[in-house]
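Engineer: next input, structure requested:
(chains A and B)
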There are 2 protein chains.
Amino acid sequence: MKNPPALEQLIDSLRCLPGVGPKSALRMAYYLLQRDRKGAAKLGNSLENALQVLGHCTLCNNFSETPVCPLCTSEKRDTSQLCVVEMPTDLMMMEQTQSYNGMYFVLMGRLSPLDGVGPKEINLDKLIKRAQDGALNKGQVQEVILATNYTVEGEATAHYISELLKTRGVWVSRIARGLPMGGEIEYVDSGTLSMALLGRKKL
Amino acid sequence: MKNPPALEQLIDSLRCLPGVGPKSALRMAYYLLQRDRKGAAKLGNSLENALQVLGHCTLCNNFSETPVCPLCTSEKRDTSQLCVVEMPTDLMMMEQTQSYNGMYFVLMGRLSPLDGVGPKEINLDKLIKRAQDGALNKGQVQEVILATNYTVEGEATAHYISELLKTRGVWVSRIARGLPMGGEIEYVDSGTLSMALLGRKKL
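Structural biologist: Predicted coordinates:
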């Protein structure tokens, strides 16, 4: 006794989603077919539409429906700063702080050789070009701010990029590391504390 | 700064999958667009195809591409027994035992009033008709075997169905409850053990 081919194919296709194994795929397929056919149809359409419409901004590499995204075309942004983040979510977090008004570059990942993610996959040639050329001749990038995560991979990525850019004479900085807001020394891990010490500032 | 509309729509659509919240949906959308566009296209097609092609078997209520599924049309099955299971996976587990050769009825769920699943949602009218009418006039159903799970909902479902069918003069049975294969009395929970005691058989 086997599932009908169309169902098997759906289960197999659902497995391309990250974090979805054979059991979850089965559960999802049953759920969609049994309880939410409308949702399934909507999902099918959204996928098709997104694949057709969405590309990458030629400047910041973020997802965009236009060749250059609204943020990159905005007249209000400071084109002298370029902030490098791993994912679009990070960009949105940066925007929420309302303390940065420069441009962005979204890597769409981080260096992770074990997962097969090398310099090519995170668009480093595009970043180098962007860091050197300036945006749409509106002005050269003066400073590249590396805002990758403080994970092992994020750190490695930041190090790699800084080496690449420094040899090309670009001014590179890295966001600070230290105690979080409301952080108590008693409860913070020793790695963070030692970094906070090393990164102390003269008052 | 917001995501492009096509991306927002995709994220929203992915949330119809069971167990997928806003964060997972975001992760899935990024992953599909960035790392697996082929997989996304395949998923879109599979969804469309499955929705178009898959319906329910008029006899056993399982997913099927034909009005009556291959199992129900098979000449080799014993039409006098009808095994009621919750989901297609349960049917497949039953088949794997190779100790049952009768027909099936798949409820596609279980009674669960809190989730809005009542007798209608699990196709009980269809089951009653099936239990009384016999399959394709090949022979009347002599016995209905309830093989719903031994969870609270599965038990309630079995109880409800047995009451419905017994009043209509159908012979109803329930699969046995007791120690599993290789089960040790020392480690089994007391509920299972007391059920094993109550369900003891004369040798």
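
Engineer: buried set for the helix or strand of chain A with the lowest mean pLDDT?
Structural biologist: Of all helical and strand segments in chain A, the minimum by mean pLDDT, DSSP states H and E falls on helix A:190-198, at a mean of 81. By neighbour count on 16 or more other CB atoms under 10 Å in any protein chain shown, the buried set for helix A:190-198 is A:192, A:196. Where you see a C-beta, it was placed from the backbone N, CA and C, and this is true even at glycine.

Engineer: grab the longest strand from chain A for me.
Structural biologist: Secondary structure of chain A per DSSP state E: the longest strand is strand A:78-85.

Engineer: what strands line up against that one, and which way round?
Structural biologist: Its sheet considered, strand A:78-85 pairs with strand A:102-106 (parallel), strand A:143-146 (parallel) by DSSP bridges.

Engineer: next helix or strand past the last one?
Structural biologist: Okay, so that is strand A:143-146. Proceeding N to C from strand A:143-146, the next assigned helix or strand is helix A:152-166, under DSSP states H and E.

Engineer: circling back: chain center to the least confident helix or strand of chain A: distance?
Structural biologist: Offset of helix A:190-198 from its chain centre (CA atoms, centre = their mean, to the nearest Å): 26 Å.

Engineer: pick out the residue closest to the middle of chain A.
Structural biologist: In chain A, the centroid-proximal residue (CA atoms, centre = their mean) is residue A:87; its distance is 1.0 Å.

Engineer: list the contacts for that residue?
Structural biologist: With contacts defined as CB atoms under 8 Å, 6 or more residues apart in numbering or on different chains, residue A:87 is in contact with A:106-109, B:30.

Engineer: how close does it get to residue B:129?
Structural biologist: Residue A:87 is 54 Å from residue B:129, where distance means CB to CB, to the nearest Å.

Engineer: give me the contact status of whatever helix or strand comes next after the longest strand of chain A with chain B.
Structural biologist: Moving toward the C-terminus from strand A:78-85, the next helix or strand (DSSP H and E) is helix A:88-97. Yes. Judged by CB under 8 Å from any CB of the partner chain, helix A:88-97 comes into contact with chain B at A:88-89, A:91-92, A:95.

Engineer: ChimeraX command for the buried members of these?
Structural biologist: Typed into ChimeraX, the line below selects the buried ones among the residues of helix A:88-97 next to chain B, using 16+ other CB under 10 Å:
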select /A:88,91
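
Engineer: please parse chain A into its domains.
Structural biologist: By the assignment in automatic domain parsing, chain A contains the domains A:5-53, A:63-174.

Engineer: just name the most buried of the ones you listed.
Structural biologist: With neighbours taken as mean count of other CB atoms under 10 Å in any protein chain shown, the domains of chain A reach their highest mean count in domain A:5-53, at a mean of 19.

Engineer: how far off centre is that domain?
Structural biologist: 25 Å.

Engineer: angle of the top helix by length along chain A against helix B:37-53?
Structural biologist: If each helix of chain A is counted by residues according to DSSP state H, the longest one is helix A:37-53. Going by axes from the mean of the first three to the mean of the last three CA atoms, to 10 degrees, helix A:37-53 is angled at 140 degrees with respect to helix B:37-53.

Engineer: helices or strands next to helix A:37-53 in the packing?
Structural biologist: helix A:22-35, helix B:5-14, helix B:22-35, helix B:37-53 (3 or more CB pairs under 8 Å, 6 or more residues apart in numbering or on different chains; DSSP states H and E).

Engineer: identify all contacting residues around it.
Structural biologist: A:32-33, A:65, B:4, B:6-7, B:9-10, B:12-14, B:16-17, B:29, B:32-33, B:37, B:40-41, B:43-45, B:47-48, B:50-51.
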